[in-house]
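**Student:** Fold the following, please.
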Amino acid sequence: MDDKLSLRASRAGIRLIAQTTIYNSGDQQRLSEYIANNYTPMALEQQPLDARLQALQSDLDGIGRLRVRQVMATSDHYVIVLMESEQGEGFTYVDLRVEEDYPHLISAYNQRPLSS
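**Tutor:** Numbers count the residues shown, from 1 in each chain. Model prediction:
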């Protein structure tokens, strides 16, 4: 199965696609609304909205937009993806977990640039 198709078949993958699309647009207001509406309260306690936005903006400024290079693992509620950076040959590790119950809010999100 194609990597992007495997993401679309996963609830976590759908959330990753949505967040990455907004991240890539650079629209901080829209990203703020997405995080506020799609993360669990516990996830926002662990890393508040403003801190998440600042970290993502810092990544966008430093490495640019991201695109899926390879899906490393996927299940309905969890994905691990290797993303390719727009700037240079860099890669970024992303993992995302959603709750099992509807509306499948994001309970964990990690994005880390990999150094060569």
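
**Student:** With just CA atoms, put the helix-or-strand element of the chain with minimal mean pLDDT into PDB.
**Tutor:** When each helix and strand of the chain is scored by mean pLDDT, DSSP states H and E, helix 3-8 comes last, with a mean of 84. Provided in PDB are the C-alpha atoms of helix 3-8 (Å, rounded to 0.1, in the frame of the first residue of the first chain):
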ATOM      1  CA  ASP A   3       2.400   5.500   2.200                       C
ATOM      2  CA  LYS A   4      -0.100   8.300   1.700                       C
ATOM      3  CA  LEU A   5      -2.900   5.700   1.300                       C
ATOM      4  CA  SER A   6      -1.900   4.000   4.500                       C
ATOM      5  CA  LEU A   7      -2.100   7.300   6.300                       C
ATOM      6  CA  ARG A   8      -5.600   8.000   5.000                       C
END
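
**Student:** Mind giving me the packing neighbours of it?
**Tutor:** In terms of contacts (3 or more C-beta pairs under 8 Å, 6 or more residues apart in numbering; DSSP states H and E), helix 3-8 is packed against helix 11-25, strand 66-74. In short, each C-beta sits where N, CA and C put it, glycine included.

**Student:** now that helix: how far from the chain's centre is it?
**Tutor:** 14 Å (C-alpha atoms, centre = their mean, to the nearest Å).

**Student:** What's the separation between the residue positioned nearest the centre of the chain and residue 74?
**Tutor:** Centroid check for the chain by C-alpha atoms, centre = their mean gives residue 16 as the closest residue, at 4.5 Å. Relative to residue 74, residue 16 is positioned 10 Å away (C-beta to C-beta, to the nearest Å).

**Student:** before we move on, back to that, can you tell which of the helices and strands packed on helix 3-8 is closest to residue 97?
**Tutor:** helix 11-25 (6.3 Å; C-beta to C-beta).

**Student:** Give me the secondary structure label for residue 55.
**Tutor:** Here residue 55 is recorded as helix under DSSP: H, G, I helix; E, B strand; the rest coil.

**Student:** what about it, neighbour count?
**Tutor:** Residues lying near residue 55 (other C-beta atoms under 10 Å) number 12.

**Student:** Just the pLDDT for it.
**Tutor:** We have a pLDDT of 95 for residue 55.
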